[in-house]
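the sequence and its predicted three-dimensional model are supplied below.
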Amino acid sequence: MKILLLGGTVFLGRAIVEAALARGHEITLFNRGKSNPGLYSHLEQIHGDRDGGLEVLASRRWDVVIDTCGYVPRLVRDAAAFLADKVDHYTFISTISVYSDNNIVNMDESGPLGILEDETVEQITGESYGPLKVLCEQAATEAMRGRALHVRAGLIVGPYDRSDRFTYWPVRVARGGEILAPGSPDDPTQFIDVRDLAAWTIHASEARLTGPYNVTGPDYRLTMGQLLQTCHQVIGRDAHFTWVNDAFLQEQQVGPFVEMPLWIPQEGNAGFSTVNCQKAIAAGLQFRPLAETILDTLTWSNTRIDYNWPRTLKPEREIELLAAWQQRP
């Protein structure tokens with residue numbers, strides 16, 4: 001299969017490259033050549049900007065295009081319309097953030113979607129990100145006349161994840177000592193290893209699947225307690241967890257999900273980490289062991305010399321919060 005990959009040198013893109021090569025596919029990368037420019041020098045790369053620079057693709061044809069970097073409907077529509085007669089299938093990497101109600105437990109692909117009052121908005125914010133992806137999905141489907149797959153990914157984790165929203169935990173457990181654990185050990189959590197997402201994306205593209213698929217994991221109910229205990233078991237450091245409830249973290253103005261990775265207050269968000277992925281699982285989605293993701297992520301993170309963790313909870317802030325928690329009346 002001949003694949004045109006929009007992006008391809010950062011995180012999910014590079015995992016898709018590896019998954020496609022492992023399946024024996026032929027890959028062409030289309031990007032601006034700015035991120036990891038020396039990566040995949042053995043593959044065909046066409047450099048250009050998708051915003052007005054698609055003409056460099058005019059004389060070619062591929063079986064499938066995989067769009068890893070579509071965030072604005074106008075640009076997705078332009079790419080899909082331009083490639084509609086040059087590819088058989090369009091795989092669009094979307095997100096479970098398309099859903100408008102985080103309080104619906106076991107949300108499947110029929111859930112209510114986010115809406116933008118002004119559909120000309122192109123600024124990506126926490127509020128606009130999901131609804132913009134909804135419009136991107138619609139644009140791809142319309143331009144491809146139904147030949148589009150929408151991979152509604154959850155939190156993507158593993159080696160080369162620069163968001164730190166999962167990486168924080170293996171690294172923090174490896175540091176040992178008293179660890180602030182957010183919420184309750186029974187709170188659910190969901191994420192997917194980038195390599196599992198990439199493998200399924202290639203599989204689904206081969207099968208020419210169309211329409212939306214929720215793609216996160218694992219294929220069982222994973223709790224924060226189970227995640228942290230697994231980190232503890234596989235890393236083997238002297239560490240213990242102090243569980244701090246939602247109300248206290250909110251009182252202390254701790255930022256959900258980013259500053260305090262994987263944590264979000266349960267009130268009003270009961271469905272946030274219970275998304276139903278049975279449709280993708282029935283279509284071949286598979287998951288590697290959690291311990292493997294933890295260890296591989298930690299190994300990669302240890303290569304980041306003098307990294308300062310700009311977004312997640314700082315050690316001194318964690319100490320302050322633990323002290324305040326212990327001093328409650």
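On my side now, so go ahead.

alpha carbons only for contacts and neighbour counts from here, please
Noted.

mind checking pLDDT for the closest residue to A204 other than its chain neighbours?
Among residues not flanking A204 along the chain, A283 sits closest, at 7.6 Å (C-alpha to C-alpha, 6 or more residues apart in numbering). As predicted, A283 sits at a pLDDT of 98.

what does the top helix by length along the chain contact?
With secondary structure taken from DSSP state H, the chain has its longest helix at helix 129-143. Helix 129-143 is contacted from outside by 70-74, 76-77, 80-81, 84, 90, 92, 94-99, 113-116, 122, 124, 147-148, 150, using C-alpha atoms under 8 Å, 6 or more residues apart in numbering.

equivalent analysis for stretch 246-255, please.
With C-alpha under 8 Å, 6+ apart, stretch 246-255 has contacts from P182, G183, M260, P265, Q266, L321, W325.

in helices only, show me the contacts of helix 129-143.
Per DSSP H, the contacts of helix 129-143 map to helices at P73, R74, V76, R77, A80, A81.

could you identify the buried members of these?
P73, R74, V76, R77, A80, A81 (16 or more other C-alpha atoms under 10 Å).

helices of this protein, start to end?
Ranges of helices within the chain are 12-22, 73-83, 129-143, 168-175, 194-206, 224-235, 246-251, 278-282, 290-301, 315-326, based on DSSP H.

buried sites along the fifth one?
When burial is assessed from 16+ other C-alpha under 10 Å, helix 194-206 yields the following buried residues: V194, R195, D196, L197, A198, A199, W200, T201, I202, H203, A204, S205.

pLDDT added to those, as TSV?
As requested, the buried residues of helix 194-206 are exported to TSV (pLDDT from 0 to 100):
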residue	pLDDT
V194	98
R195	98
D196	98
L197	98
A198	98
A199	98
W200	98
T201	98
I202	98
H203	98
A204	98
S205	98
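
tell me the one of those nearest E55?
S205 (24.2 Å; C-alpha to C-alpha).

if we can go back for a sec, ok, which of the helices of the chain comes nearest T28?
helix 12-22 (9.5 Å).

so which elements touch that closest one?
strand 26-31, helix 194-206 (3 or more C-alpha pairs under 8 Å, 6 or more residues apart in numbering; DSSP states H and E).

just to revisit the earlier point, quick one: the longest helix of the chain to chain centroid distance?
17 Å (C-alpha atoms, centre = their mean, to the nearest Å).

grab the nearest non-local neighbour of R221.
P188 (6.7 Å).

what about S301, how many residues nearby?
Residues lying near S301 (other C-alpha atoms under 10 Å) number 21.

my guess is it meets G158, correct?
No. S301 lies out of contact with G158 (C-alpha atoms under 8 Å); the separation is 9.4 Å.
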